[in-house]
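> Give the three-dimensional model of this entry:
(one chain, ligands or ions: 3)
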Amino acid sequence: MKTIFEPAKPYFKLLGNQKHRTGATYRLMNFVVQTAVDDGLLLLHNMTKEMVLLSKEEQQVFEQCPTDLPELINHWFLVPEDHDDCLLSRQYTNVARMLAPKKTHITGYTIMTTSDCNARCFYCYELGQARRPMTEETAQQTAEYIIKHCGGEPVNIEWFGGEPLFNKPIISLICNRLKEANVKYESSMISNGYLMDAETVKEAHDEWKLNQIQITIDGTEQTYNRVKAYIYKGVNAYEKVMENIGHLLAADISVSIRMNIDMHNADDLERVTEELHERFKDNKNLHAYTHLLFEDKNKRTGISDDKKRKVLLQKMRQIQDKMTEWGMYDRDSFEGIVRSGSCMADNDACVVIQPDGYITKCEHYTDSHHVGHISEEGFDEQMIAYFKEMGYDWIEACKHCAKYPACAVLKACPNCNECYPEMPEEYAREMQQEMKQLYKAHLKQEQEEAEKKAQEAEKQSQEVTEKAKPSAEA
Ligand code: SF4
Ligand code: SF4
Ligand code: SF4
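Ligands and ions are numbered 1, 2, ... in the order given. This next block holds a predicted model:
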């Protein structure tokens, strides 16, 4: 058995090896995902985050009598039939939460430069809300707030909106002030990409230190232009956004394409994937993923029509397979760390600053659930505690879902309904794809290290030979 990833520290040390129980029947823990590769069988434990490779011979043993591989029991891949996997996983996560170092500075900022936008998507969650741009005065205050609360540590900013570029001067203003105060920062952005022309890309790269941007593409030209319904007349918005993606990639900025999928655009998105591949072939900075649009946020099943959902999931798989084939698929199902929290909403080091200076913990809350204001010190502790409350009751399917150890959804999260009956299977499939990619990367790294060692050994032996040669003078 070969270890590809060690279990995440320090929690595994506390858990220790599992004791063997005489006479017990063992089964795989529910959070273990397996997938075959050329060299054997990969097993990934989503609770401990350990990944191992069983050789072809070990794979045969595993298939016939897995307990003949005692290491799998030691490291909790195999557990007794009556083991409560969910209970152990919750205890494991609780330990991670307790051991997580307390955060005293705020280093993660989501800044909403405006709640206004140049597009009019039908699914926008900000529809019907007031269109408020951040003023220069609030931007100045925001910069001062960051300087005061980051404790001299490097800062990560996510520019958010509405459309963040619809109030571009605010971004420059905040960055300039941070630079002046010697605050180190990097940034990312959620944008529709329309205003990211070549000149803006240069500024984004040089001044805003933008390293990643997420852009949503909802279909090919006609569908995209109809869904986005930009306020500009007589322009081909699709073509413009595609050009802008080219500028971003040329500037070495990572672009993540989000494809919101529902019945109206499923086929179209397959063509978008092909088009992205044709245009930006093999660009390592181009990534893409699909996101199922939910018709009813109040229903746990998301899309309640079983047939419709199954068709969509099938389409999604086809698209994801293409993305994987072309090396664009980007969904970090496996994080490799034991999470001590869910997201920025329950993370003391993160805040969301709204255009009017109010602070929240989640970008989906704009007009309510404020925890403070940039002009005041301290937070509403009751509201902070609310954002830390865990979400829904676990359902029967969770017991057999590999996602369970990483499925930490908060009560306040508007996405907490996003689980449907096929989710465990979908997640396992995503994990299998990712395991193969991670294994490939691991092999590549091993090969590079071996080549480096061989070169060093060769160099050393040449030096020894050189030294051993009698000098010309002698
Ligand atoms: S681009 Fe984003 S912010 Fe603008 S309307 Fe569409 S979903 Fe809303
Ligand atoms: S994805 Fe769904 S089934 Fe899986 S753990 Fe989360 S809530 Fe449970
Ligand atoms: S609560 Fe949900 S929507 Fe809000 S930041 Fe967390 S994951 Fe995102």
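> Please parse this protein into its domains.
What automatic domain parsing lists as the domains of the chain is 2-99, 108-373.
> tell me the most buried of the ones you listed?
domain 108-373 (a mean of 18; mean count of other CB atoms under 10 Å). C-beta here means a position set from N, CA and C on the backbone, and glycine is covered the same way.
> Can you give the distance of it from its chain's centre?
Centroid separation for domain 108-373 versus its chain: 12 Å, with CA atoms, centre = their mean, to the nearest Å.
> what about it, how long is it end to end?
One end of domain 108-373 to the other measures 16 Å (CA to CA, to the nearest Å).
> quick one: that domain near ligand 2?
No: figure legend: domain 108-373 not in contact with ligand 2 (CB under 6 Å from any ligand atom); closest approach 8.5 Å.
> With stretch 77-93 instead?
No: applying CB under 6 Å from any ligand atom, one finds stretch 77-93 separated from ligand 2 by no less than 9.1 Å.
> quick one on the thing from earlier: need the domains of the chain in TSV (columns: mean pLDDT).
Shown next, in TSV, are these (pLDDT from 0 to 100):
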stretch	mean pLDDT
domain 2-99	93
domain 108-373	91
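> Quick check: which of the ones you listed is nearest to ligand 1?
domain 108-373 (3.0 Å; CB to the nearest ligand atom).
> Please enumerate the helices of the stretch 51-200 of the chain.
56-64, 70-74, 85-99, 136-149, 168-180, 198-206 (DSSP state H, counting those that start in this stretch).
> can you list the residues that contact the longest one?
Right, helix 85-99. Outside helix 85-99, the residues within contact range by CB atoms under 8 Å, 6 or more residues apart in numbering are 10-11, 14-15, 29-31, 47-48, 79, 338-341, 394, 398-399, 404-405, 408.
> now do stretch 371-385
Stretch 371-385 is contacted from outside by 138, 141-142, 145, 348, 351, 353, 357-361, 369-370, 387, using CB under 8 Å, 6+ apart.
> centre of the chain versus the lengthiest helix in the chain, how much separation?
Ranked by number of residues, the top helix in the chain under DSSP state H is helix 423-468. Here the centre of helix 423-468 is set off from its chain's centre by 24 Å, with CA atoms, centre = their mean.
> what packs against it?
strand 2-5, strand 32-37, strand 40-45, strand 51-55, helix 306-325 (3 or more CB pairs under 8 Å, 6 or more residues apart in numbering; DSSP states H and E).
> how about the residues of this protein near ligand 3?
Residues of the chain found near ligand 3 (CB under 6 Å from any ligand atom) are 343, 344, 345, 362, 364, 410, 412, 413, 414, 415.
> Now secondary structure too, for those, in TSV please.
What follows is the residues of the chain next to ligand 3, written out as TSV (DSSP: H, G, I helix; E, B strand; the rest coil):
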residue	secondary structure
343	coil
344	helix
345	helix
362	coil
364	coil
410	strand
412	coil
413	coil
414	coil
415	coil
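> Which ones among the contacts of stretch 371-385 map onto helices?
138, 141, 142, 145.
> now, among these, which is nearest to residue 323?
residue 142 (36.5 Å; CB to CB).
> List the single closest residue to residue 347 in space, sequence neighbours excluded.
Nearest residue to residue 347 in three dimensions, chain neighbours excluded: residue 341, at 5.2 Å (CB to CB, 6 or more residues apart in numbering).
> What's the separation between the residue lying closest to residue 2 once chain neighbours are set aside and residue 246?
The shortest distance from residue 2 to any non-neighbouring residue, by CB to CB, 6+ apart, is to residue 53 (4.5 Å). For residue 53, the distance to residue 246 equals 39 Å [CB to CB, to the nearest Å].
> now residue 308
35 Å.
> roughly how far apart are residue 375 and residue 31?
Separation of residue 375 from residue 31 (CB to CB): 46 Å.
> residues in contact with the closest residue to residue 285 other than its chain neighbours?
Nearest residue to residue 285 in three dimensions, chain neighbours excluded: residue 254, at 4.7 Å (CB to CB, 6+ apart). Counting by CB under 8 Å, 6+ apart, residue 254 makes contact with 211, 212, 213, 285, 287.
> Including secondary structure, could these go into a markdown table?
Formatted as a markdown table, these follow (three-state DSSP):
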| residue | secondary structure |
| --- | --- |
| 211 | strand |
| 212 | strand |
| 213 | strand |
| 285 | coil |
| 287 | strand |
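> Pick out the most distant pair among those.
The span of those, defined through CB to CB, is set by 211 and 287 at 12.9 Å.
> correct me, but residue 221 touches residue 241?
No: applying CB atoms under 8 Å, one finds residue 221 not in contact with residue 241, separated by 10.3 Å.
> which residues touch whichever residue of the stretch 101-250 of the chain sits closest to ligand 2?
Here the stretch 101-250 of the chain gets closest to ligand 2 at one residue, residue 125, 21.4 Å apart by CB to the nearest ligand atom. Residue 125 sits next to 364, 414 when contact means CB under 8 Å, 6+ apart.
> Mind doing that once more with 7 Å?
Contacts for residue 125 (CB atoms under 7 Å, 6 or more residues apart in numbering) come out as residue 364.
> What of residue 230?
Contacts of residue 230 (CB under 7 Å, 6+ apart): 118, 119, 194, 237.
> how about the closest residue in space to the last one that isn't next to it in sequence, secondary structure?
For residue 237, the nearest residue in space outside its immediate sequence neighbours is residue 230; the separation is 4.8 Å by CB to CB, 6+ apart. For residue 230, the assignment made with three-state DSSP gives coil.
> Please report phi then psi for residue 230.
Here is the backbone geometry of residue 230 (degrees, to the nearest 10): phi -60, psi 160.
> Tell me how far it lies from residue 189.
Separation of residue 230 from residue 189 (CB to CB): 18 Å.
> buried residues in the helix or strand where residue 382 lies?
Assigned by DSSP states H and E, residue 382 belongs to helix 381-386. Across helix 381-386, burial judged by 16 or more other CB atoms under 10 Å covers 383, 386.
> Looking at that helix now, give me its mean pLDDT.
Averaging pLDDT along helix 381-386 gives 96.
> how far does that helix sit from the chain's center?
Centroid separation for helix 381-386 versus its chain: 26 Å, with CA atoms, centre = their mean.
> Smallest gap between the stretch 51-200 of the chain and ligand 2, at which residue?
Closest point on the stretch 51-200 of the chain to ligand 2, by CB to the nearest ligand atom, is residue 86, at 9.1 Å.
> how close does that residue get to residue 396?
11 Å.
> Contacts only, for residue 32.
43, 44, 45, 77 are the contacts of residue 32 under CB under 7 Å, 6+ apart.
> so the last one touches residue 43, yeah?
Okay, so that is residue 77. Yes: using CB atoms under 7 Å, residue 77 and residue 43 qualify as a contacting pair, with a distance of 5.8 Å.
> I'd like the distance between the closest residue to residue 174 other than its chain neighbours and residue 137.
Distance criterion CB to CB, 6+ apart; nearest residue to residue 174, sequence neighbours excluded, is residue 143 at 4.8 Å. Distance check for residue 143 against residue 137: by CB to CB, it reads 11 Å.
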